[in-house]
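> Sharing a model that was predicted from the sequence below.
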Amino acid sequence: MHRKHKNTLYFCGMELTVNIPALLFPAISLIMLAYTNRFLALSSRVRVLHDKYQTQEQRHLVFSQIKNLKYRLKLIRNMQTYGVTSLLCSIVSMFFIYIEYQRVAQFVFALSLISFSWSIFLSLIEIRLSTKAIEIELSDMEGLEDPSVMDYLKKKFERD
């Protein structure tokens, strides 16, 4: 089931050309920009919380937030690492397509997709943790308990 053409491999109906790995470039670049923005925002927040911790204002809440942010910073570092790995694998895959090592190109491109997928999965975890951080921030305010959907709907219809 293999037919070879210059810079192309047909494998089980799938054609791998230089253009396919190149399609990941804009997606990876945009997601890396988003990851960098998240990192910068978190690092700024860590500095503010560190100062707040030093002045001993609500130390237990600040400590919980710093612990959450430390873990999120590690996640972002790993998200960036897998994103860069995906980009590098795409480049290497295009090189192997160019020199007509098609099997190697397919394998490296698969690694690129796996790395990109793992990066996005870690991003999902980080997003979930960011909402937890906001909940920690708001936990000292009364009346902001997280109601169930049914409680919310009951209150909504009781007012109307």
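Thanks, I have the structure now.
> Pass me the low-pLDDT residue ranges in this structure, would you?
Applying pLDDT under 70 to the chain flags the ranges 1-15, 57-59, 136-157, 159-160.
> try it again with 90
1-73, 100, 102, 126-160 (pLDDT under 90).
> which residue packs closest to the residue positioned nearest the centre of it, ignoring adjacent ones?
In the chain, the C-alpha nearest the mean C-alpha coordinate belongs to Ser123, at 2.4 Å (Cα atoms, centre = their mean). Nearest residue to Ser123, sequence neighbours excluded (Cβ to Cβ, 6 or more residues apart in numbering): Met79, at 5.4 Å. Glycine gets a C-beta too; all of them are placed from N, C-alpha and C.
> count of residues packed around the one you found?
25 (other Cβ atoms under 10 Å).
> what's near enough to touch it?
Listed by Cβ atoms under 8 Å, 6 or more residues apart in numbering, the contact partners of Met79 are 35, 119, 122-123, 126.
> Buried residues of the helix or strand harbouring the residue nearest to the centre of the chain, list them for me.
Assessed by DSSP states H and E, Ser123 sits inside helix 102-138. Residues of helix 102-138 classed as buried: 102, 105-106, 108-109, 111-112, 115-116, 118-119, 122-123, 126, 130, 133, 137 (neighbour count, 16 or more other Cβ atoms under 10 Å).
> Also stretch 92-100?
92-94, 96-97.
> Which other helices and strands does the one helix or strand His50 maps to contact?
Using DSSP H and E, His50 sits within helix 24-54. Under the contact criterion of 3 or more Cβ pairs under 8 Å, 6 or more residues apart in numbering; DSSP states H and E, helix 24-54 touches helix 59-98, helix 102-138.
> Let me have the ones you listed in JSON lines, extended by distance to Leu42.
As requested, these are exported to JSON lines (distance: least, Cβ to Cβ, whole Å):
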{"stretch": "helix 59-98", "distance to Leu42": "6"}
{"stretch": "helix 102-138", "distance to Leu42": "9"}
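> Kindly state which of these is positioned closest to Leu23.
helix 59-98 (8.7 Å; Cβ to Cβ).
> Please point out which parts of that closest one sit buried.
61-62, 64-66, 68-69, 72-73, 75-76, 78-80, 82-83, 85-87, 89-90, 92-94, 96-97.
> Now do that helix: distance to the chain's middle.
7 Å (Cα atoms, centre = their mean, to the nearest Å).
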